[in-house]
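> 3D model of this:
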Amino acid sequence: MKLTTAVIATGVAVSLTTAVVATARLRQEARHQAERNDAVLTQNQLGWLAHMSTNPDIAKLWTPQDMDVEEYMQLLKANRLICMLSLRDRLGFVPAGHLPWYAAQLMDSDVCRRYWARFGDLRAQEAEGDERAEHFTRVLAQAAKNRPHAQAAPA
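As a prediction, the model looks like this:
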């Protein structure tokens, strides 16, 4: 091989390597930006849930007609716990295979079971089309099913 051919081949190899590394870096940055956006949106949601679950005057505006305000505030606290676990799962802080254990811990709580009995179907609808959210919802639904002694929400 001539020297010029070797130089050109080396240049092409370096260019391709640079392009591959740059593409990987752009994908990684896009993923990290999506994670940051998700965390910010979840932080907003958690703040709203905290405010709603501690302020009866505000919660009253959003309480379903067939539910007591105090019960709704308790269910919002359970929702907040579930949202925190969901964020940890989406960001990769729940080790592989541990989500069922965390879900079972949540569903050991009567208020979490009451929340899931009332709003689990809504969460499943929200998750449609998002594979990770659908998996999270299925795991929580299974944990709730494994602890069927949930109290019916007072009307």
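> sec struct for Pro95, please.
With DSSP: H, G, I helix; E, B strand; the rest coil as the basis, Pro95 sits in coil.
> Count residues in the vicinity of it, would you?
9 (other CB atoms under 10 Å). (Glycine included, C-beta is placed from N, CA and C.)
> before we move on, what about Ser53?
Ser53: 19 neighbours (other CB under 10 Å).
> and if you look at Glu35?
Glu35 has 14 nearby residues by other CB under 10 Å.
> The residue nearest in space to the middle of the chain and Leu41: what is the separation?
Taking CA atoms, centre = their mean, the centroid of the chain lies closest to Ser86, which sits 3.1 Å from it. Distance of Ser86 to Leu41, computed by CB to CB, to the nearest Å: 12 Å.
> The helix or strand encompassing Asp121 - contacts with which helices or strands?
Here Asp121 sits within helix 110-127, counting by DSSP states H and E. Packing partners of helix 110-127 (3 or more CB pairs under 8 Å, 6 or more residues apart in numbering; DSSP states H and E): helix 69-90, helix 99-107, helix 131-146.
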